[in-house]
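# structure for this input, please:
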Amino acid sequence: MTLHEEARDKARILAEALPYIQRFHGRTIVIKFGGNAMTDAALKAGFARDVVLLKLVGMNPVVVHGGGPQIEQVLARLGKKGEFVQGMRVTDAETMDVVEMVLGGQVNKEVVELINQAGGKAVGLTGQDGAFIRAKKMLIPSQNNGTVDLGQVGDIESIDPSVISVLEHGGFIPVVAPIGTGADGTTYNINADLVAGKLAEILHAEKLVVLTNTPGVLDKNGKLLTGLTPRKIDDLVAKGTISGGMLPKIGSVLDAARAGVKSCHIIDGRVPHALLLEVLTDQGIGTVIRSK
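Residues are numbered from 1 along each chain as shown. Predicted coordinates:
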């Protein structure tokens, strides 16, 4: 490819982005940052630049991050093995201390610093800051009609969006660690997908974008499904087209779509600049679930 052809292609891509920049200017986009995008150095740096670009062209990105692998590493160093029930981490008091240290400290500060290094103004938060995520103990049903006590694993009671609004209007990019606080001051470990979905709903976000380690929502033959609605997904689940490990991946996204978030995207965070490709180009790269 000649330099002239390369410049022409770049100009075409920039021109293609213009209608999306206009359409989403001033709108909130909640991004769940997880999977390989959180552990690969080049992908992390690229993600931070993409978030800054979205802010600079007038959108309001809000980042919610997980940190399962990092928590697992620290627990292993302490000689403690992680225990999971129905995909949820059992969180006793000692594990909660590690969760707070890793999510609220190590991971949150790293994401904030990456965005700041890329030229943005990021501010790290947990749900304890301004008590903006109120949580209660999550009890999940067991097979014998009882409930399973997971310790300090939380369900969201309420989210106060005022802290996020103040930061957005000040030109800052909020970076949220999924830790909530109970009425009695107990801290709770909350699933990051759950926080991202609920935050998108409360903030009346234009989009919820979830970065995963899959190309999107796949059918049982591994084919990518897109252009979905909650009703279509219900039909696909009933027919067995979507099953197994795909179901938990789309749970919080589906709830957000049902609650009125206009479009929810499940994309492959292993693809460089996946966020920009999904938000600013015609083709997109993952599964789109629209509220209607």
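
# CA atoms for contacts and neighbours, from now on please.
Will do.

# what's the longest strand along the chain packed up against?
With secondary structure taken from DSSP state E, the chain has its longest strand at strand 147-159. Judged by 3 or more Cα pairs under 8 Å, 6 or more residues apart in numbering; DSSP states H and E, strand 147-159 is in contact with strand 88-89, helix 93-99, strand 133-141, strand 187-189, helix 192-202.

# deepest-packed of these, please.
strand 187-189 (a mean of 27; mean count of other Cα atoms under 10 Å).

# keeping just the C-alphas, turn the longest strand of the chain into CSV.
Provided in CSV are the C-alpha atoms of strand 147-159 (Å, rounded to 0.1, in the frame of the first residue of the first chain):
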residue,chain,number,x,y,z
THR,A,147,-30.4,-20.3,50.1
VAL,A,148,-26.6,-20.2,49.8
ASP,A,149,-24.7,-17.7,52.0
LEU,A,150,-21.8,-16.3,49.9
GLY,A,151,-20.5,-14.1,52.7
GLN,A,152,-19.9,-10.4,51.7
VAL,A,153,-21.2,-10.8,48.1
GLY,A,154,-23.7,-8.0,47.4
ASP,A,155,-26.7,-7.2,45.4
ILE,A,156,-27.4,-3.6,44.4
GLU,A,157,-30.1,-1.8,46.4
SER,A,158,-29.7,1.6,44.8
ILE,A,159,-27.3,3.8,42.9
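
# next SSE after that strand?
Reading on from strand 147-159 to the C-terminus, the next helix or strand found by DSSP states H and E is helix 162-169.

# and the helix or strand following that next one, how far out from the chain middle?
Sequence order places strand 173-177 as the next helix or strand after helix 162-169, per DSSP H and E. Here strand 173-177 shows a centroid-to-chain-centroid distance of 11 Å under the convention Cα atoms, centre = their mean, to the nearest Å.

# could I get the contacting residues of residue 37?
43-44, 47, 211, 269-270 (Cα atoms under 8 Å, 6 or more residues apart in numbering).

# give me that answer again for 7 Å
Applying Cα atoms under 7 Å, 6 or more residues apart in numbering, we find residue 37 in contact with 43-44, 269-270.

# what about it, which SS state?
Three-state call for residue 37 (DSSP: H, G, I helix; E, B strand; the rest coil): helix.

# how about the longest strand of the chain: buried residues?
The neighbour-count check on strand 147-159 (16 or more other Cα atoms under 10 Å) flags 149-156, 158-159 as buried.

# top of the contacts of residue 37 by number of neighbours, please.
Neighbour tally across those (other Cα atoms under 10 Å): the maximum, 26 neighbours, falls on residue 269.

# for it, grab phi and psi.
phi -70, psi -10 (degrees, to the nearest 10).

# need the contact list for it.
35-37, 211-213.

# make CSV out of those and add pLDDT and distance to residue 264.
Below are those laid out as CSV (pLDDT from 0 to 100; distance: Cα to Cα, whole Å):
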residue, pLDDT, distance to residue 264
35, 77, 17
36, 74, 20
37, 82, 18
211, 92, 11
212, 88, 13
213, 86, 16
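
# type out the ChimeraX command that picks the buried ones from those residues.
Only the buried entries of those go into this ChimeraX selection, using 16+ other Cα under 10 Å:
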select :35,36,37,211,212
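
# hang on, the earlier thing: nearest to residue 83 among the buried residues of strand 147-159?
residue 150 (9.6 Å; Cα to Cα).
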